[in-house]
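Enquirer: compute the structure for the input listed below.
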Amino acid sequence: MYGYVRPVKGELKVSELELFRAVYCGLCQELARRYGFLSRFLVNYDFTFLAMLLAEGAGPERCKKRCPVHPLRPVECLCTTGSLAAAADMTVVLGWWKLADGAQDKKPPLAWCCKLACAALRRAYKRASDRQPAFARAVQTELSALQQLEQENCPSLDAAADKFASILRAIGESQPTEDRRRILGQLLYHLGRIIYILDAADDLAEDMRSGSYNPLRFRFTPADGRLSPEDERTLRESLQLSHNALAGAYALLEEGPYSGILSNTIYLGLPAATQAVFAGTWKRSPKYHRERRSV
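Expert: Below is the predicted model of the structure:
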């Protein structure tokens, strides 16, 4: 997936960091339990955040399970919960479509790898779609509309970002009360918009070299894969508006066992990811690669 939605670990309490790791490992275990070993490769920070955001009620229970990455000792992970199961389902649905998109847009041999992964995960995708039909329909509808915009080389950043943002907003529709549906719909819509724009900014230089669609190429006038200072300022202001709306919606939620981690992610993690993307250090930072391997 994308990986922009993560906490700043150095600012977490020890207990919060342990809980975050337990949720991440719990999501990995849940993916394997529901969809088989290969689905573990879809585990990501973004849906770890989602699993915590969707959780309600008392504090989470933890258990210890064996992990292929740490074969010599069992790891502590979150026991199966409704929010963890839903996050696993949605991880498979959106992950499969991302692979399918890569099979179309990427060049060999990466395109061939995406095709093989799609074939291997097709049955898992079918089961996940049956378990989350509304979300699966929203993903297919919005990604088809986004693909149409890409084929037209749509110059509107808002139009393109809206399609991905609407996918995450659909997650809020599964909530049991109207208040939570409204709050999480707003929060997740703007989170999706931030993810899409950060991904576009992060891939701008690569997309300009390959000729792939990137709305920033048509909305602004980048040179050598970078935006001008004025264009970057305009884009940062747009991101800040979405961040403000996201934070405003989050403030309406009741506190829960994950509030410390969620607050860290929203108020510290997203700004840190934004800064790294615009500084050009997100992908090549050794710290980035180290964190991806050792949550």
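Enquirer: remind me which residues of the chain are low pLDDT?
Expert: 1, 57-59, 284-295 (pLDDT under 70).
Enquirer: the residue nearest in space to the middle of the chain and L198, how far apart?
Expert: Relative to the mean C-alpha position of the chain, the nearest C-alpha, by C-alpha atoms, centre = their mean, is the one of D46, at 3.5 Å. The gap separating D46 from L198 is 11 Å, by C-beta to C-beta, to the nearest Å. Every C-beta, even on glycine, is put in place using the N, C-alpha and C of the backbone.
Enquirer: any chance you could list what contacts stretch 138-148?
Expert: V93, L94, W97, D101, A160, K163, F164, S166, I167, A170 (C-beta atoms under 8 Å, 6 or more residues apart in numbering).
Enquirer: at 7 Å instead, please
Expert: For stretch 138-148, the surrounding residues in contact (C-beta atoms under 7 Å, 6 or more residues apart in numbering) are V93, L94, W97, A160, K163, F164, S166, I167, A170.
Enquirer: the second one is in what secondary structure piece?
Expert: What that stands for is L94. Assigning secondary structure by DSSP states H and E places L94 in helix 82-105.
Enquirer: now do the phi/psi pair for the residue lying closest to A100 once chain neighbours are set aside.
Expert: Nearest residue to A100, sequence neighbours excluded (C-beta to C-beta, 6 or more residues apart in numbering): C118, at 5.3 Å. Main-chain torsions, C118, degrees, to the nearest 10: phi -60, psi -40.
Enquirer: who's in contact with C118?
Expert: Counted by C-beta under 7 Å, 6+ apart, C118 has contacts W96, L99, A100, A103.
Enquirer: quick one: work out the angle between the helix or strand containing L143 and helix 82-105.
Expert: In this structure, L143 sits in helix 133-151 according to DSSP H and E. Orientation of helix 133-151 against helix 82-105 (axes from the mean of the first three to the mean of the last three C-alpha atoms, to 10 degrees) gives an angle of 30 degrees.
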